[in-house]
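Q: Structure, please.
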Amino acid sequence: MSSVATPDRDAGVVPVARTRLKLVVSAGSTVLAAVAGLPGRIVVALAVISLAIPLAVAVAGGGRVARELLFPVRRPTRDSGLGHSPEQGERFVT
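A: Model (predicted):
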């Protein structure tokens, strides 16, 4: 019997939405630093961080997760369309 606890499959997984927010903040900070006239090495460091976020996501989660990070899927809102649930919509499409 081992005394080492094994983590769940989802342990340590950060939601893509939170990572996307960090990417946007990092890219915005890069642009803001460039516009504000901060030294070039700071702007380059921020740009490298902005590029490293999608790379780290791709390495950790694969290409599908990286695409989801860069190109979020728009899901229809609840109030769009006829207001039917997915089950009701399937019944109407025959």
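Q: State the pLDDT value of residue 33.
A: We have a pLDDT of 96 for residue 33.
Q: so where's this protein uncertain?
A: Across the chain, the ranges flagged by pLDDT under 70 are 1-12, 76-94.
Q: any idea where the helices of it begin and end?
A: 16-36, 40-61, 63-70, 86-92 (DSSP state H).
Q: what would those look like in TSV with mean neighbour count?
A: The C-beta positions use only the backbone N, C-alpha and C, and glycine is treated the same way. TSV is the format used below for those (neighbours: other Cβ atoms under 10 Å):
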stretch	mean neighbour count
helix 16-36	14
helix 40-61	14
helix 63-70	14
helix 86-92	9
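Q: Residue 16 is in contact with residue 67, isn't it?
A: No: using Cβ atoms under 8 Å, residue 16 is not in contact with residue 67; the gap is 10.2 Å.
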